[in-house]
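Visitor: need a structure here:
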Amino acid sequence: MDDLLKYEREYWQAGYSHIAGIDEVGRGCLFGDVVAAAVILPQGLVLEDVNDSKKLSAKKREKLYDLIMEQAIAVGIGSVDAATIDQINIKQATRRAMKQAVEQLSIQPEYLLIDAEKVDVPIPQLSVIKGDATSQSIAAASIVAKVTRDRLCQGEWDARYPEYGIAVHKGYATKLHREQLLALGPTPMHRKSFMRNLFVEEQTLF
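Guide: I've put the predicted structure just below:
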């Protein structure tokens, strides 16, 4: 666990006390918003089991989400919808969601640790490849973003479009999702720019 604080320790020692970890979820989905979170944890705090959200069970993520929300100095959430993703592309949308998340923090961070991205804010920052597996702050942000988005998938979004199975596949291109898309067509919350290839492949089958 200790090495998950190596980046944080380096910047704490350099005099930055409020370090925000930033990550996003939903980048590869066909449906719904891309959601980002920014999390500032107290200096020196070690959260057992906090790791890349993809490696944790849903139950574990929920538990850690509550712990992070309780212990964090500040948490910010940002999201960008499907129409905007189609307009500006997923990379720009991801950066915009991350920027919103930083701006939503109730305390101004002095340093940003970001999972393999840059954020357009005048705050010193480091882009960390596989950050959610190497930095506790980024891992915490990945858990908060994932739980936030999953709750939308299982709640509001699934209620809005119940026949698509959003609660099950969370908007990813599973077999069920692709079949429902072919049968019913896309909703306004589907990312049209992500589906061109999907339907090109399908059409060549007929």
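Visitor: could you use CA atoms for every contact and neighbour count after this?
Guide: Will do.
Visitor: can I get the CA coordinates of the lengthiest helix in the chain in CSV?
Guide: Determined from DSSP state H, the single longest helix within the chain is helix 136-152. In CSV, the C-alpha atoms belonging to helix 136-152 read as follows (Å, rounded to 0.1, in the frame of the first residue of the first chain):
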residue,chain,number,x,y,z
GLN,A,136,-3.9,6.7,-3.7
SER,A,137,-5.4,10.1,-4.5
ILE,A,138,-6.1,9.2,-8.1
ALA,A,139,-7.4,5.7,-7.0
ALA,A,140,-9.8,7.5,-4.6
ALA,A,141,-11.0,9.8,-7.4
SER,A,142,-11.5,6.8,-9.7
ILE,A,143,-13.7,5.1,-7.0
VAL,A,144,-15.8,8.3,-6.5
ALA,A,145,-16.2,8.8,-10.2
LYS,A,146,-17.2,5.2,-10.8
VAL,A,147,-19.7,5.0,-8.0
THR,A,148,-21.2,8.3,-9.0
ARG,A,149,-21.7,7.2,-12.6
ASP,A,150,-22.9,3.7,-11.7
ARG,A,151,-25.5,5.2,-9.4
LEU,A,152,-26.8,7.3,-12.4
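Visitor: hmm, who's touching it?
Guide: Outside helix 136-152, the residues that touch it by C-alpha atoms under 8 Å, 6 or more residues apart in numbering are 4-5, 8, 19-26, 35-41, 47, 50-53, 61-62, 64-65, 68, 77, 113-115, 131-133, 158, 167, 170.
Visitor: whichever of those residues end up buried, select them in PyMOL.
Guide: Here is the PyMOL command that selects the buried residues among the contacts of helix 136-152 (16 or more other C-alpha atoms under 10 Å):
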select buried, resi 4+5+8+19+20+21+22+23+24+25+26+35+36+37+38+39+40+41+47+50+51+52+53+61+62+64+65+68+77+113+114+115+131+132+133+158+167+170
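Visitor: low-scoring stretches of the chain, by residue?
Guide: Applying pLDDT under 70 to the chain flags residues 1-2, 199-206.
Visitor: ok, back up a step: which of the contacts of helix 136-152 fall in strands?
Guide: 19-25, 35-40, 77, 113-115 (DSSP state E).
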